[in-house]
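Q: sequence isn't available, so here's the structure alone:
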């Protein structure tokens, strides 16, 4: 006899995934049996599937149309191998346990005998412990083996079920794989988990891909194309407005309404400039690295012409002496052309040459040390040119794995190689069509890829891997290298024909330490930094140290040092003790230390004050340290030295005691 629901006084619990996550499988089953007993069920009872009327089933189908369509048309086609199993049934149920639809063999236990038919309800309260009902009760994926079913009537089958959550993290349904034959435990449970994640990801894409940025991330590059990847949905301000379950697991943070910069350390406008769907690596919460891919909105943001804009200059094909765009119209991360140099005659000459060439069909090859500002110059050139409305694609040839360079640059057809995206890829060169292609560290490009690039530059067409179709491209080419490409071409380490193809105009960006406008440039970089980080004064001592520094890391190192010192100052005046330790390591190598000073004891921050012997400095630091109660930062400030120097003498004093 069917169990009388009116006699079941106990209510079914609300699923709490967090509370159940730490339970063992045996504990989950035991707790389910306790619930069944509290409902008044007995092992010999017949399952109660509720009163399924045709009208109710039709209403359920209408109510869950999107969930059913996504499952059947967007997910199940990828899992045909399961449906080929004659004794296997895939079941979709709603969040009340009502079966919405099934797919698979009709031989499963005979027609309707199994109860897994549309309209039947598989809650623990009426059917006992079972995969669908227990997944609903716990909010977790579960496999219920034959003898683990509470009702004997269900012990002929094995069920594996996983809940489905919507974009609001609310459970909307359950996917189940049931069989009356043996199925490998790990395989089946893992498969149904993957299927439920697939449904969730498709629902997120359907809801947001038209007008939101979707960030896919994984611990390895191959994972970007799997349903185990994390998804972040960003609004037009870079705020996380939705995520999938894997994102919560991979990031282990409450990331709702976080800015993307807080997660990956990259400003949103920088992320938007990344080539669409091209993988890159970013550091998560400044700890570990993830592979990341950016998918822009399918429908670009509509820009309405505003005739109230005062500064409007039509595009033109010939370069003039004035920039084509006003500084106020530039993206935040682009330096106005007139601010790229602040008094250095060599840089001024380089900029003048580049500005005249950027509108011509002449490639530019930039030489300079790493971090000297080559990409900063290229970005400014692009956004001051007639191509500014199209894409600037910046490719660091040294950062792409050798085996992926060819496919990333030229694109590929679907199925071109193992692990290829099922939809193929356009490639970075074609993404730069109509805009500027910047090949940084081009000297690192593999030799066989150089030959293909040469052909593209000669014929102005790209043939993707695995395709016979040629796609025309219109690009402005700018390349950069920190190596002597001419010498390497002469020695056979770089293709000579490619060298002459990319080196139309050769220009040199001087290192920061060689620039005559170094002082003004440091102040300029610091002022731009303060626009985002907040304004604090810089002491004359710090300014003096910054000017003396050799800057082996150039502009990149300068920016990082200023950011660190700004943060360490914590709203006060930036002092020498706020500069990082490796800053002084570089400075010690070039500064002359007088004989009476011990090099390992006198830090360069001390050299801005009158020279003292090591013994005098040691005594003064130890005295101040005791007076301020052991505060290292305060001791350093009062003594006019760095914190490293304070640590040096404090440790020495403690050891002697």
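A: Everything's here; your move. Keep in mind the model is a prediction, meaning the values are calculated, not measured.
Q: surely residue 104 meets residue 92?
A: No: between residue 104 and residue 92 there is no contact under C-beta atoms under 8 Å: 11.5 Å. Every residue, glycine included, has its C-beta placed from N, CA and C.
Q: looking at those two, which is more packed in?
A: residue 92 (27 against 20; other C-beta atoms under 10 Å).
Q: all strands of the stretch 151-300 of the chain, in order?
A: 158-165, 171-179, 213-218, 230-234, 240-243, 280-284, 288-295 (DSSP state E, counting those that start in this stretch).
Q: could those be laid out in TSV, adding mean pLDDT and mean neighbour count?
A: Listed next are the strands of the stretch 151-300 of the chain as TSV, based on pLDDT from 0 to 100; neighbours: other C-beta atoms under 10 Å:
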stretch	mean pLDDT	mean neighbour count
strand 158-165	94	25
strand 171-179	93	25
strand 213-218	93	22
strand 230-234	93	23
strand 240-243	90	19
strand 280-284	88	16
strand 288-295	89	18
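Q: nearest to residue 450, out of the ones you listed?
A: strand 280-284 (22.3 Å; C-beta to C-beta).
Q: measure the residue nearest to residue 70 when sequence neighbours are not counted to residue 74 for me?
A: Distance criterion C-beta to C-beta, 6 or more residues apart in numbering; nearest residue to residue 70, sequence neighbours excluded, is residue 202 at 4.8 Å. Distance check for residue 202 against residue 74: by C-beta to C-beta, to the nearest Å, it reads 4 Å.
Q: do residue 49 as well
A: In terms of C-beta to C-beta, residue 49 sits 28 Å off from residue 74.
Q: what are the buried residues along the helix ranked longest in the chain?
A: Assignment by DSSP state H gives helix 185-208 as the longest helix of the chain. Judged by neighbour count using 16 or more other C-beta atoms under 10 Å, the buried positions of helix 185-208 are 188-189, 191-205, 208.
Q: against which helices or strands is that helix packed?
A: If contacts are counted by 3 or more C-beta pairs under 8 Å, 6 or more residues apart in numbering; DSSP states H and E, helix 185-208 sits against helix 65-69, strand 142-144, strand 158-165, strand 171-179, strand 213-218, strand 230-234, strand 240-243, helix 245-251.
Q: pLDDT below threshold where in the stretch 301-450 of the chain?
A: Along the stretch 301-450 of the chain, segments meeting pLDDT under 70 span 301-328, 415-423.
Q: switch the cut-off to 50
A: 303-324 (pLDDT under 50).
Q: out of the strands of the stretch 151-300 of the chain, nearest to residue 572?
A: Nearest of the strands of the stretch 151-300 of the chain (C-beta to C-beta): strand 280-284, 28.3 Å.
Q: what strands line up against the closest one, and which way round?
A: Neighbouring strands of strand 280-284 in its sheet, by DSSP bridges, are strand 288-295 (antiparallel).
Q: so how far is residue 245 from the residue positioned nearest the centre of the chain?
A: Centroid-nearest residue in the chain, with C-alpha atoms, centre = their mean: residue 292, separated by 4.0 Å. In this view, residue 292 and residue 245 are 18 Å apart by C-beta to C-beta.
Q: likewise residue 359?
A: Taking C-beta to C-beta, one finds residue 359 at 50 Å from residue 245.
Q: wait, residue 224 touches residue 295, no?
A: No: applying C-beta under 8 Å as the test, residue 224 and residue 295 come out as separate, 10.5 Å apart.
Q: quick one, helices of the stretch 501-650 of the chain?
A: With helices called from DSSP state H, counting those that start in this stretch, the stretch 501-650 of the chain shows them at 518-533, 540-548, 554-569, 581-590, 614-627, 632-639, 643-656.
Q: which helix or strand contains residue 341?
A: Using DSSP states H and E, residue 341 sits within no helix or strand.
Q: looking at it, it is touching residue 352, isn't it?
A: No: applying C-beta under 8 Å as the test, residue 341 and residue 352 come out as separate, 9.8 Å apart.
Q: those two - which one has more neighbours?
A: Set residue 341 next to residue 352 and count neighbours by other C-beta under 10 Å: residue 341 wins out with 21 against 12.
Q: below-threshold pLDDT in the protein: ranges please.
A: 1-10, 111, 303-324, 592-612, 654-655, 657.
Q: what's the spacing between stretch 254-271 and its chain's center?
A: 9 Å (C-alpha atoms, centre = their mean, to the nearest Å).
Q: likewise for stretch 139-146?
A: Its chain's C-alpha centre and that of stretch 139-146 lie 33 Å apart, by C-alpha atoms, centre = their mean.
Q: go on, stretch 553-571?
A: On C-alpha atoms, centre = their mean, the centre of stretch 553-571 falls 24 Å from the chain's centre.
Q: buried sites along it?
A: 553-559, 561-562, 565-566, 568-569.
Q: right, and out of the residues you listed, which lies closest to residue 335?
A: residue 555 (10.5 Å).
Q: the closest one reaches residue 374, doesn't it?
A: No: using C-beta under 8 Å, residue 555 is not in contact with residue 374, being 9.4 Å away.
Q: my read: residue 48 touches residue 126, true?
A: Yes: with contact defined as C-beta under 8 Å, residue 48 reaches residue 126; the gap is 3.7 Å.
Q: could the helices and strands packed on helix 185-208 be laid out in JSON lines, adding distance to residue 632?
A: Output for the helices and strands packed on helix 185-208, formatted as JSON lines (distance: least, C-beta to C-beta, whole Å):
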{"stretch": "helix 65-69", "distance to residue 632": "60"}
{"stretch": "strand 142-144", "distance to residue 632": "55"}
{"stretch": "strand 158-165", "distance to residue 632": "49"}
{"stretch": "strand 171-179", "distance to residue 632": "53"}
{"stretch": "strand 213-218", "distance to residue 632": "39"}
{"stretch": "strand 230-234", "distance to residue 632": "40"}
{"stretch": "strand 240-243", "distance to residue 632": "38"}
{"stretch": "helix 245-251", "distance to residue 632": "34"}
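Q: number of nearby residues for the closest residue to residue 565 other than its chain neighbours?
A: Closest residue to residue 565 apart from its sequence neighbours, by C-beta to C-beta, 6+ apart: residue 578 at 4.3 Å. If you count neighbours by other C-beta under 10 Å, residue 578 ends up with 27.
Q: let me see the contact set for residue 578.
A: When contacts are counted by C-beta atoms under 8 Å, 6 or more residues apart in numbering, residue 578 touches 542, 564, 565, 566, 568, 569.
Q: residue 22 - how many residues pack around it?
A: When neighbours are counted by other C-beta under 10 Å, residue 22 comes out with 7.
Q: is it true that it lies in a helix?
A: No: the assignment for residue 22, made by DSSP: H, G, I helix; E, B strand; the rest coil, is coil rather than a helix.
Q: distance check, residue 253 against residue 284.
A: 9 Å.
Q: again with residue 521
A: Distance from residue 521 to residue 284, by C-beta to C-beta: 32 Å.
Q: so which strand or helix has residue 60?
A: Per DSSP H and E, residue 60 falls inside helix 54-63.
Q: next one: that helix to chain centre, how far?
A: 42 Å.
Q: could you do stretch 376-392 as well?
A: 24 Å.
Q: who's in contact with it?
A: By C-beta under 8 Å, 6+ apart, stretch 376-392 touches 273, 275, 315-317, 319, 323-325, 330-331, 333-337, 340, 351, 354-355, 358-359, 366, 394, 431-436, 438, 476, 478, 480, 509, 555.
Q: buried subset of the residues you listed?
A: 273, 275, 319, 323-325, 330, 334-335, 337, 340, 351, 354-355, 358-359, 366, 394, 431-433, 435-436, 438, 476, 478, 480, 509, 555.
Q: test my guess that residue 134 contacts residue 124.
A: Yes: counting by C-beta under 8 Å, residue 124 is a contact partner of residue 134 at 6.3 Å.
Q: taking the buried residues of stretch 553-571 together, which two end up most distant?
A: 554 and 569 (23.1 Å).
Q: re the thing from before, how about CSV for the helices of the stretch 501-650 of the chain, with distance to residue 68 added?
A: What follows is the helices of the stretch 501-650 of the chain, written out as CSV (distance: least, C-beta to C-beta, whole Å):
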stretch, distance to residue 68
helix 518-533, 48
helix 540-548, 64
helix 554-569, 51
helix 581-590, 59
helix 614-627, 72
helix 632-639, 63
helix 643-656, 64
